[in-house]
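S.K.: this is a predicted model, with the sequence first.
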Amino acid sequence: MRASLLQIHVDPDESVDSRRERVSSLVRAQSGADLVVLPELWPVGAFAYERFAAEAEEADPATGPTALAMSAAARDAGVWLHAGSIVEKGTEGGALYNTSLVFSPSGELAATYRKVHRFGFDRGEATMMSAGTDPVTVPHPQATLGLATCYDLRFPELFRALIDAEPHGARVLVVPAGWPAKRADHWTLFARTRAVENQCFVLACGTAGSHAGVAQAGRSAVIDPWGEVLAESTGTEEAVVTADLDLSQVDKVRESFPVLKDRVL
Ligand SMILES: O=C(O)CCC(=O)C(=O)O
């Protein structure tokens with residue numbers, strides 16, 4: 001599986017429409033990849049709380065501008081696309097969600113995932129958005145994907161649910177984020193930890209730039225089931241991080257070091 005992570009620069013001086021067009025072109029340039037991944041809340045910026053309500057949109061490509069643009073870009077490139085997340089305008093009484101969108105190469109919306117763990121404690125996303133309730137896996141033809149978003153990375157029990165999902169547990173964990181630079185070491189530490197403890201690939205895709213004054217970590221990375229970093233962005237600028245994943249490594253690592261079988265609880 002060839003995976004390309006697009007570490008998008010999110011700058012409040014660029015309009016959402018212009019960023020959407022720019023990101024669509026970047027996705028179209030990835031034809032040949034088996035999976036393209038975008039970061040969390042790249043249209044509006046993960047920390048631009050004051051714009052969440054105004055920029056909220058529907059997850060349906062028939063009505064939501066980001067969903068429509070990403071569906072077309074996935075189809076034109078002929079790739080599976082994890083389009084990062086949007087501020088989703090839910091149908092339930094005005095609720096907002098931080099919702100990831102996954103498109104198949106035909107442009108069909110294959111899955112949505114509403115972020116379960118909201119960040120901000122008593123501020124921001126934690127007070128403005130509603131929480132998702134369900135772990136989501138996606139049947140990519142090469143490997144089942146498990147979805148998580150940013151702050152979810154701090155909650156290992158979600159990842160256990162993803163690898164234990166029926167009928168097929170996740171083998172590639174996809175984590176879009178808007179992780180702040182001041183906790184960049186936690187981002188890389190947790191991404192590698194989730195790979196090692198679940199014996200899975202982890203695709204950790206962050207943003208570049210600064211959202212509402214919060215400098216972003218960048219440091220997007222592709223990590224294998226042994227915890228080795230196959231490819232990464234060492235800088236904080238916009239970048240494309242590409243790696244070829246040997247998916248047979250998941251079984252090899254699980255068979256040669258069968259720690260998952262020793263779970264008691
Ligand atoms: O957990 C962290 O340090 C960052 C989380 C975050 O920024 C988010 O979920 O948006």
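M.R.: It's in.

S.K.: low-scoring stretches of the stretch 101-250 of the chain, by residue?
M.R.: Counting by pLDDT under 70, the stretch 101-250 of the chain contains no low-confidence range.

S.K.: and the strands in it?
M.R.: For the stretch 101-250 of the chain, applying DSSP state E, counting those that start in this stretch gives strands covering 109-114, 137-139, 144-147, 172-176, 201-205, 208-211, 214-215, 221-223, 229-232, 239-244.

S.K.: give me the number of neighbouring residues for Gly32.
M.R.: Neighbourhood size, Gly32 [other C-beta atoms under 10 Å]: 11. C-betas here are computed from N, CA, C, even on glycine.

S.K.: do the same with Thr144
M.R.: Using other C-beta under 10 Å, Thr144 has 19 neighbouring residues.

S.K.: about what we covered before: let's have the strands of the stretch 101-250 of the chain in JSON lines, adding distance to Gly94.
M.R.: Output for these, formatted as JSON lines (distance: least, C-beta to C-beta, whole Å):
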{"stretch": "strand 109-114", "distance to Gly94": "15"}
{"stretch": "strand 137-139", "distance to Gly94": "28"}
{"stretch": "strand 144-147", "distance to Gly94": "24"}
{"stretch": "strand 172-176", "distance to Gly94": "25"}
{"stretch": "strand 201-205", "distance to Gly94": "29"}
{"stretch": "strand 208-211", "distance to Gly94": "23"}
{"stretch": "strand 214-215", "distance to Gly94": "26"}
{"stretch": "strand 221-223", "distance to Gly94": "37"}
{"stretch": "strand 229-232", "distance to Gly94": "39"}
{"stretch": "strand 239-244", "distance to Gly94": "37"}
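
S.K.: for the ligand, find the nearest of those strands.
M.R.: strand 214-215 (7.9 Å; C-beta to the nearest ligand atom).

S.K.: for the strands of the stretch 101-250 of the chain, which one sits closest to Ala62?
M.R.: strand 109-114 (9.6 Å; C-beta to C-beta).

S.K.: output the contacting helices and strands for the closest one.
M.R.: strand 80-89, strand 96-103, strand 137-139 (3 or more C-beta pairs under 8 Å, 6 or more residues apart in numbering; DSSP states H and E).

S.K.: CSV for those, including mean neighbour count and distance to Ser248?
M.R.: Shown next, in CSV, are the helices and strands packed on strand 109-114 (neighbours: other C-beta atoms under 10 Å; distance: least, C-beta to C-beta, whole Å):
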stretch, mean neighbour count, distance to Ser248
strand 80-89, 26, 19
strand 96-103, 25, 23
strand 137-139, 19, 18
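
S.K.: quick one: which of those strands is nearest Lys115?
M.R.: Lys115 lies closest, by C-beta to C-beta, to one member of these: strand 96-103, at 4.0 Å.

S.K.: nearest to Ser24, of the strands of the stretch 101-250 of the chain?
M.R.: Nearest of these to Ser24, taken as C-beta to C-beta: strand 239-244 at 14.7 Å.

S.K.: okay, now Leu189: neighbour count?
M.R.: 12.

S.K.: mind putting the strands of the stretch 101-250 of the chain in CSV, distance to the ligand included?
M.R.: Conversion of those to CSV gives the following (distance: least, C-beta to the nearest ligand atom, whole Å):
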stretch, distance to the ligand
strand 109-114, 13
strand 137-139, 20
strand 144-147, 14
strand 172-176, 10
strand 201-205, 12
strand 208-211, 10
strand 214-215, 8
strand 221-223, 16
strand 229-232, 18
strand 239-244, 19
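
S.K.: for Gly120, find the nearest of these.
M.R.: Minimum separation from Gly120 across the strands of the stretch 101-250 of the chain (C-beta to C-beta) falls at strand 214-215, 11.4 Å.

S.K.: strand partners of the closest one, parallel vs antiparallel please.
M.R.: In the sheet, strand 214-215 lines up against strand 208-211 (antiparallel) (DSSP bridges).

S.K.: output the strand it pairs with as CSV - backbone C-alpha positions only.
M.R.: Extracted in CSV, the C-alpha atoms of strand 208-211 (Å, rounded to 0.1, in the frame of the first residue of the first chain):
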residue,chain,number,x,y,z
ALA,A,208,1.5,23.1,9.2
GLY,A,209,1.1,26.8,10.0
SER,A,210,-0.7,28.4,12.8
HIS,A,211,-4.4,28.3,13.6
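
S.K.: having no further points to raise, I will conclude here.
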